[in-house]
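Asker: sharing a sequence plus its predicted fold:
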Amino acid sequence: MRIEHIAARAGVGKATIYRHWPTRDALVQELLLNLAGPHIEIPDKGSTREEMRAAVLNPIRALTKTDFGPVLLAVLTQVASNPRLAEQFRATVVRARRNTIAEVIKRGILRGDLRADADADVATELLAGPVYFRFIFGGALNRDFADRVVDTVLEGFARKKGVRPRR
């Protein structure tokens with residue numbers, strides 16, 4: 001991705017692009033946030049299972065139904081050779097998704113659906129990781145897949161019978 005190409009496609013000069021974004025990485029970060037942003041938040045639905053489904057289905061929709069997928073693939077090719085871009089991506093899009101799923105796990109614990117020691121970091125990786133794995137390496141990204149991921153995570157983090165949740 002070159003600034004010259006972006007400017008040409010937008011029908012403006014490079015100087016116009018640089019007035020809005022001081023670097024290519026800044027432009028890429030804003031683009032990623034704008035594309036991923038609407039698919040990150042998960043409101044309280046009163047159901048841990050439904051919120052976990054959203055944690056899997058939201059990125060599936062973003063990757064397969066919007067420009068986020070192709071842009072992410074292009075960025076991933078740059079991340080390996082550009083540590084600054086990698087860190088910015090982790091600090092924005094990845095952190096936002098992690099924080100959102102951590103809230104889902106916290107609500108699930110408070111509802112008594114998940115055991116008190118459910119690890120939000122691991123749950124996030126178990127919910128989001130398979131989506132990105134299949135996106136990069138192939139495999140169906142659909143509701144059936146989302147349900148199987150959610151059922152597996154719920155089973156793994158379910159509150160043990162007879163154990164009362166902490167309030």
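Answerer: That came in fine, so what should we check first?
Asker: distance from the host helix or strand of Asn34 to the middle of the chain?
Answerer: Under the criterion of DSSP states H and E, Asn34 resides in helix 24-36. For helix 24-36, the separation from the chain centroid amounts to 14 Å (computed by CA atoms, centre = their mean, to the nearest Å).
Asker: what comes up buried for that helix?
Answerer: For helix 24-36, the neighbour count (16 or more other CB atoms under 10 Å) marks 24-25, 27-29, 31-32, 35-36 as buried. All C-beta spots, glycine's among them, are computed from the backbone N, C-alpha and C.
Asker: can you check stretch 69-81 too?
Answerer: For stretch 69-81, the neighbour count (16+ other CB under 10 Å) marks 69, 71-72, 75, 79 as buried.
Asker: would you turn those into TSV with pLDDT?
Answerer: Below are the buried residues of stretch 69-81 laid out as TSV (pLDDT from 0 to 100):
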residue	pLDDT
Gly69	90
Val71	86
Leu72	86
Val75	83
Val79	83
